[in-house]
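1. turn this into a model:
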Amino acid sequence: MPLRPLKRGLEVSLKAVADTHKGQRITLWFQDEARIGQKGRVCHRWYRKGQRPPGLADKRFTFAYIFAAVCPGTDEAFAWVMPSANKVTMQHFLDEFAAEREADEHAVMVLDGAGWHDARALDVPANMTLVALPAYSPELNPVERLWLYLKERFLSHRLLDDYDAILEAACKAWNNLTTEPGRVKSLCSYDWITEVKH
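-> The predicted structure follows:
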């Protein structure tokens, strides 16, 4: 299991960032993207064994992507909804995220190995450091739990007419999630992350 190397790697990364950014407050963030669209995901439902529950299905293929970052142990979350997931949209997300940081803050952002997350292909803002998750370990990223909650609670079994409807549904779902006091914190607080942060 890649948890032990990740914990050790994060501890080393946080210490290195703290050593090179003296006098700044170091914050730990986790980032991921979710595809939202017409070919929606069917959520979990109790139903008769051996039978599939009825539900709405769509054969069209229009999508939007929610780019999101969370600070585990808090209700802090940041997101942008964009039409595609690539280097250009990732750069836009990082620039907007960096602009929201306080002057004394340096953010360490943990993300998966998607091609558009490669720091060598991006202009990483000066107030951020990117750290990669171990390969094939999405279960270590707390943002994955947000996607499950959003899709199960707000986005499953819906027919969305076009990109604008998808955009509106994704934004509304995210806003509903982040206005529930304590919801982000409860979904994204893993014990091992708390151990690493202290």
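
2. quick one, phi psi at the spatially most central residue of the chain?
-> In the chain, the centroid-proximal residue (Cα atoms, centre = their mean) is residue 32; its distance is 3.3 Å. Main-chain torsions, residue 32, degrees, to the nearest 10: phi -160, psi 170.

3. give me the nearest residue to it, chain neighbours excluded.
-> Spatially, and ignoring its direct neighbours in sequence, residue 32 is nearest to residue 143 (3.9 Å; Cβ to Cβ, 6 or more residues apart in numbering). No exception for glycine: its C-beta is placed from N, CA and C like everyone else's.

4. show me what contacts that neighbour?
-> For residue 143, the contacting residues are 30-32, 68-70, 188, by Cβ atoms under 8 Å, 6 or more residues apart in numbering.

5. so which of those residues sit within strands?
-> 30-32, 68-70 (DSSP state E).

6. which one of the residues you listed is nearest to residue 79?
-> For the ones in strands among the contacts of residue 143, the closest approach to residue 79 (Cβ to Cβ) belongs to residue 68, at 4.1 Å.

7. state the distance from the closest one to residue 9.
-> 22 Å (Cβ to Cβ, to the nearest Å).

8. which one of these two has more residues nearby?
-> It is residue 68, of residue 68 and residue 9, that has more neighbours when counted by other Cβ atoms under 10 Å, with 26 against 17.

9. quick one: the strands in the chain?
-> According to DSSP E, the strands that the chain contains are 25-37, 63-70, 77-82, 105-111, 128-132.

10. so how far is the lowest-mean-pLDDT helix or strand in the chain from its chain's centroid?
-> Every helix and strand of the chain was ranked by mean pLDDT, DSSP states H and E. The lowest is helix 191-197, at a mean of 84. Remark: helix 191-197 is offset 18 Å from the chain centroid, using Cα atoms, centre = their mean, to the nearest Å.

11. fine, thanks again, bye for now.
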